[in-house]
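Colleague: From the sequence below, what's the structure:
(2 chains)
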Amino acid sequence: MAARGGHRTRSGRRRFLRDAWRLAAAAGLVGLGLAAHGRRVAARPAQALRPPGALPEREFLGACLRCGLCVRACPYGTLRLASAVGPVAPGTPYFVARAVPCEMCEDIPCVAACPSGALDPALEDITRARMGIAVLVDHESCLNWRGLRCDVCYRVCPLIDEAITLEPQHNRRTGRHTLFIPTVHADRCTGCGKCEKSCVLEEAAIKVLPPRLARGRAGGHYRLGWEEKAKAGRPLVPGLIDLPDRLPGGGP
Amino acid sequence: MRRVPGRAAAEARGRLAAHRWLLARRAAQLGVFGLFLLGPLAGVWLIRGNLSASLVLDTVPLTDPFLLAQNLAAGHLPEAAALLGGAVVLAFYLAVGGRSYCGWVCPLNPVTDAAAWLRARLGIAGGGARVDARLRWALLAMVVALAALTGTAAWELYNPVSIVQRGIIYGLAPAAAVALAVFLFDLFVVPRGWCGRLCPVGAFWGLVGSGALVRVTAPARERCDRCMDCYAACPEPQVIRPALEGGGAPVILSGLCTNCGRCIDVCPQEVFRFGTRFHGRTMTAGLPGGREEAT
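Modeller: Now for the predicted structure:
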């Protein structure tokens, strides 16, 4: 190479260093641009769910080889490979629950097919998958909330009575009926999306969201009085005065 | 009239013989993608996955070592299957020449070859933006640094090589736009710009190629009559000179040679042929540090 022969002389060495700086600066600028743009691209939209066992998003994007072997292994055509345009990182697998939900195969073929570990092989029990968490995002349009017995999301749930239960509640509109409120239990929900897929409304009232959107979290310092009381076996504040209960409307 | 590289060889040896390696490469490129498409199109799953990672006959894993390097830089230690696949692929290209990937497999090679061909046909002279061919090394370093800094394989958001090969195998149409962009870039902006100056994937394979076994040799270089057809046809013309005109062994040792064999095809004097990197060294083997002389 000319540069290698050249930098034996002094001016040659100077030129080599100058070129090296220029090239490094050019590549650095390109890198900065890609990094800045890439951060925006890496923000995955909420409806795009990762396959079961996927590492947390950032680690997933560092581990996934973009080979699509999981997509090929999926027997239900649930998984798709993201294309070069669109909001999901190109070449990575995802699914949209409302289109085709995860059927929760017991042998988890997508995880078995993953060569890189981006889908964690430690996931052996599909009910422990956490692809997302179902949330009844709009109770105002939910038919059960309106007093009807739709129940579809509850019926199709692969973990019926565990991940979704129907909680009875008084129907104040009629005054004499019961509402059966679909209630998701996040510690059991796998995020398979069957409920969202099956919701009979034009736009699903129940949707699977990534955990970061679906869950709240109390501060680490929060203590629940009744739990602490049970733990201690006695009231934590001694000599509390028991005030008389007053009813609304200023009764007796 | 402008001299068209390859015409003299075609007159000397016939059109077919003067395009032997070119045809072999196109067959290889079609063959690779044909094998991958046999599964989804005909239900014959000889190979699953794509060029990034795949599984042959449901047993042998193959992994792109450049992707593995990005994963490792991002702080993820891949599973054994992926690592084994990387070792298999690396061993293969250490044998057949690192940038053989570029010349014989990469789907962008026909695209940039077409751009170079059209550029010559239309007489779009030299010109365009000038880009230092060493920029690819800096970009290669940048890709690895980007993975380390972001903790993700960030380059894979943009890598046209993987986007296009994936697009072909999985039928993702937008990849065609990416291929078109590379074509137009090579045609109008920088001649041989993508593969020859920028592509970090090619730079990676160039590193592998600098130790590879199969190389183009020039065993009959004394027959060379300086017609310059090989330089005109070669996508990396700077690699030829040391083998053809240097005092060293008549072997193209640069890792940037793609082993495409165009020089073998277009040479009317039949100067070149495929050989190994050790060609011409036996004559003076054992001369410590000395430049090996070929006879």
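
Colleague: ok, now how distant is residue B:156 from residue B:87?
Modeller: In this view, residue B:156 and residue B:87 are 21 Å apart by C-beta to C-beta, to the nearest Å. (C-beta placed from N, C-alpha, C; glycine too.)

Colleague: okay, the two: which has more neighbours?
Modeller: With neighbours defined as other C-beta atoms under 10 Å in any protein chain shown, residue B:156 and residue B:87 compare such that residue B:156 has more, 28 against 15.

Colleague: residues contacting the more buried one?
Modeller: Residues counted as contacts of residue B:156 (C-beta atoms under 8 Å, 6 or more residues apart in numbering or on different chains) are A:66, A:89, A:90, A:91, B:67, B:70, B:162.

Colleague: Give me the residue at the spatial middle of chain A.
Modeller: Nearest to the centroid of the C-alpha atoms of chain A, with distances taken as C-alpha atoms, centre = their mean, sits residue A:210, at 1.9 Å.

Colleague: which residue sits closest to it, ignoring its sequence neighbours?
Modeller: Leaving aside its sequence neighbours, residue A:210 sits nearest to residue A:132 (C-beta to C-beta, 6 or more residues apart in numbering or on different chains; 5.4 Å).

Colleague: Just the pLDDT for residue A:154.
Modeller: pLDDT for residue A:154: 95.

Colleague: got the CA positions of the one helix or strand it maps to in PDB?
Modeller: In this structure, residue A:154 sits in helix A:152-156 according to DSSP states H and E. Extracted C-alpha coordinates of helix A:152-156, given in PDB (Å, rounded to 0.1, in the frame of the first residue of the first chain):
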ATOM      1  CA  VAL A 152     -65.100 -13.200  25.300                       C
ATOM      2  CA  CYS A 153     -61.700 -12.000  26.600                       C
ATOM      3  CA  TYR A 154     -62.200 -14.100  29.700                       C
ATOM      4  CA  ARG A 155     -63.300 -17.200  27.700                       C
ATOM      5  CA  VAL A 156     -60.400 -17.200  25.300                       C
END
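
Colleague: Now the element after it, going C-ward?
Modeller: Using DSSP H and E, the next helix or strand after helix A:152-156 towards the C-terminus is strand A:164-171.

Colleague: distance between that following strand and the chain's centre?
Modeller: 25 Å (C-alpha atoms, centre = their mean, to the nearest Å).

Colleague: Now the helix or strand following that strand: buried residues?
Modeller: Next along the chain after strand A:164-171, taking DSSP H and E as the criterion, comes strand A:177-184. Within strand A:177-184, the residues scored as buried using 16 or more other C-beta atoms under 10 Å in any protein chain shown are A:179, A:180, A:181, A:182, A:184.

Colleague: Within range of chain B, give me the residues from the stretch 101-250 of chain A.
Modeller: With C-beta under 8 Å from any C-beta of the partner chain as the criterion, the stretch 101-250 of chain A meets chain B at residues A:113, A:114, A:115, A:116, A:117, A:118, A:121.

Colleague: Let me see the ranges of the helices in the stretch 151-295 of chain B.
Modeller: Using DSSP state H, counting those that start in this stretch, the helices assigned to the stretch 151-295 of chain B run over residues B:160-170, B:174-184, B:193, B:200-209, B:229-233, B:241-245, B:262-266.

Colleague: wouldn't the residue nearest to residue A:210 be in contact with residue A:211 here?
Modeller: Yes. If you go by C-beta atoms under 8 Å, residue A:132 and residue A:211 touch, sitting 6.7 Å apart.

Colleague: More neighbours: the two, which one.
Modeller: Between residue A:132 and residue A:211, residue A:132 has the larger neighbour count (other C-beta under 10 Å), namely 27 against 14.

Colleague: Switch the buried residues of strand A:177-184 over to TSV; also include pLDDT.
Modeller: Converted to TSV, those look like this (pLDDT from 0 to 100):
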residue	pLDDT
A:179	94
A:180	95
A:181	94
A:182	95
A:184	95
